[in-house]
Every structure is written in C-alpha cells, then in structure tokens.
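below are the sequence and a predicted model for it; my questions follow.
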Amino acid sequence: MARDFVREQLGDLGENTLQTVLLVSTELVTNAVLHGRGPIDLSVEVNASSVLVRVFDYEPREPQLREPDVDRTDGRGIALVAMVSRRWGTSSHDGGKSVWAIIDRTAA
C-alpha cells in the first residue's frame, strides 16, 4: 500500500528518483510496522529539487543508525536510507515520532 501511495504522489518524476523514494519509503514504513506503535502515517512532499518522505508512528524511541551485523539479515534499513538520502532524521511529537528523509531529485 505504501509503495502504491508513493507512486500516486510522485507521478512522472523520473525512474531513478522514483526508485530511490520507493526504497526509502519502504524502509521507513517497514521500521514503523516492526518497531513502532499505533497508526502509521506516510507523507510525501515534492518540490523542485527534492522529495521529503516522512513516516509517523506512536513509538517515541528513535531508530539508530548502526553497523550492520554480517551474521544477521536485518538491521540495514536506516543505513540504506542514510546512504541514498541527502539527509535523514527524526522529530518527536504527539507522543510519538516521525522519521524523515530528503532525497535529491537531480542526484537520485
């Protein structure tokens, strides 16, 4: 559902940017499903130079960027988000948090 929502929001933004935003959205929503609480909200904002992806959930704990453990198959999501985004971060509010990432349109 999240990927379909992102495709609808982005329209014809270019295949590289679209694939990068889909990757980031998928990782952030997956983290919210696995580690968050309550309803999850996904928003996508497009401007001339970038795309902002934001995922809100009701778990106040922030995700941690960590070195992936070669013996595990999980734990790489935020590292991927950090790698393909100009910037990423978290904001606390409403008893939870939003995790966001900014993806450059020209560099993606």
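On my side now, so go ahead. Numbers count the residues shown, from 1 in each chain.

only C-alpha atoms from now on, for both contacts and neighbour counts.
OK.

tell me where the model's unsure across this protein.
Counting by pLDDT under 70, the ranges of the chain that qualify are 65-66, 68-76, 106-108.

tell me which stretches of it form strands.
Along the chain, counting by DSSP state E, strands occupy 41-46, 50-57, 87-93, 96-104.

what's in contact with the longest one?
By CA atoms under 8 Å, 6 or more residues apart in numbering, the surrounding residues in contact with strand 96-104 are 17, 20-21, 24, 28, 49-62, 81, 84-92.

that strand pairs with which strands, parallel or anti?
strand 50-57 (antiparallel), strand 87-93 (antiparallel) (DSSP bridges).

before we move on, what about the shortest one?
Listed by DSSP bridges, the sheet partners of strand 41-46 and their directions read strand 50-57 (antiparallel).

in the partner strand, what's buried?
For strand 50-57, burial by neighbour count (16 or more other CA atoms under 10 Å) applies to Ser50, Val51, Leu52, Val53, Arg54, Val55, Phe56, Asp57.

quick one on the thing from earlier: rebuild the strands of the chain as a markdown table, extending it with distance to Arg3.
Shown next, in a markdown table, are the strands of the chain (distance: least, CA to CA, whole Å):
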| stretch | distance to Arg3 |
| --- | --- |
| strand 41-46 | 10 |
| strand 50-57 | 12 |
| strand 87-93 | 19 |
| strand 96-104 | 16 |
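
quick check: which of the ones you listed is nearest to His35?
Among those, strand 50-57 comes nearest to His35, with 9.2 Å by CA to CA.

what does the closest one contact?
Counting by CA under 8 Å, 6+ apart, 21, 24-25, 28-29, 32, 36-46, 96-106 sit against strand 50-57.

got the CA positions of that strand in PDB?
Provided in PDB are the C-alpha atoms of strand 50-57 (Å, rounded to 0.1, in the frame of the first residue of the first chain):
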ATOM      1  CA  SER A  50      13.900  17.200  -3.600                       C
ATOM      2  CA  VAL A  51      11.400  14.800  -2.200                       C
ATOM      3  CA  LEU A  52      10.600  14.700   1.500                       C
ATOM      4  CA  VAL A  53       9.400  11.300   2.800                       C
ATOM      5  CA  ARG A  54       8.000  11.300   6.400                       C
ATOM      6  CA  VAL A  55       6.600   8.400   8.400                       C
ATOM      7  CA  PHE A  56       4.900   8.900  11.800                       C
ATOM      8  CA  ASP A  57       4.200   6.400  14.500                       C
END
